[in-house]
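In: quick one, fold the following:
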Amino acid sequence: MPSMTGERKPWQQQVGESSKLYRYFCAYMNAMPGERSCPKVAKRLGLSAVTLTKASQKYGWQARVGAWDQEIARRMAASTEDAVVEMRKRHIQIGVGLQTAGVKELQALVNKVNAAAAGAQALAIKEGRDPSLAFHEPVLSPLDTLRLLQSGIEIERLTRGLVTARVADGDDDAGLEKLTLEELKTLKALKAKLA
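Out: Residues are numbered from 1 along each chain as shown. Below you'll find the predicted structure:
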């Protein structure tokens, strides 16, 4: 069977190769690599090993099968490349989506804190206290919002092939998510002092 261009591929039926011999070749080509030998295929087909060996030599079965294996490997590589491109696109969308969600949460947190602060100041004024001393404890966790943003940014950076952490510095920031806000401020002040 010629290809669309009229040129026969090595794994296609060759000029002068009968349909029966081509079927034998296909059985040989499709055999598992460890089972791909004339005697083993002949036994499976109920044929003489000599018949298949002669056909194999006459029509270059080993070279044709090698070409087929290379073609399959090429197709698999192309398919994998396409899948990786699609995966990266999805991961970028996920990363950007997480960042968007994180920004919305952060804005909601800021709005709640501002509203609570305004309420606390109004109450302080009503009670005759200094409104600048009014204090409000945030309801939402800023750390959870920060983690959401960091996850989205990391996914996007990784997917775009960018570095996500400073490994050259010995990963100085490893484990910082476990520190409190006060501890982070102290650490920042110490780093500034060292610099």
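
In: tell me the spacing between Pro147 and His91.
Out: Actually, residue 147 is Arg rather than Pro. Distance, Arg147 to His91, by Cβ to Cβ, to the nearest Å: 18 Å. (C-beta placed from N, C-alpha, C; glycine too.)

In: what residues sit buried inside stretch 116-134?
Out: 116, 120-121, 124, 134 (16 or more other Cβ atoms under 10 Å).

In: er, stretch 47-59 actually
Out: Neighbour count says stretch 47-59 has 52, 55-56, 59 buried, by 16+ other Cβ under 10 Å.

In: pLDDT on that stretch, on average?
Out: Per-region confidence: stretch 47-59 scores 92 on mean pLDDT.

In: which residues does that stretch contact?
Out: 14, 17, 21, 24-25, 28, 38-39, 41-43, 45, 61-62 (Cβ atoms under 8 Å, 6 or more residues apart in numbering).

In: rebuild these as TSV, extending it with neighbour count, secondary structure and distance to Glu182.
Out: Listed next are the contacts of stretch 47-59 as TSV, based on neighbours: other Cβ atoms under 10 Å; DSSP: H, G, I helix; E, B strand; the rest coil; distance: Cβ to Cβ, whole Å:
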residue	neighbour count	secondary structure	distance to Glu182
Gln14	17	coil	79
Glu17	16	coil	82
Leu21	20	helix	82
Tyr24	23	helix	79
Phe25	25	helix	76
Tyr28	24	helix	74
Cys38	22	helix	78
Pro39	12	helix	78
Val41	22	helix	75
Ala42	19	helix	80
Lys43	14	helix	78
Leu45	14	helix	79
Trp61	22	helix	75
Gln62	12	helix	73
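
In: lovely, talk soon.
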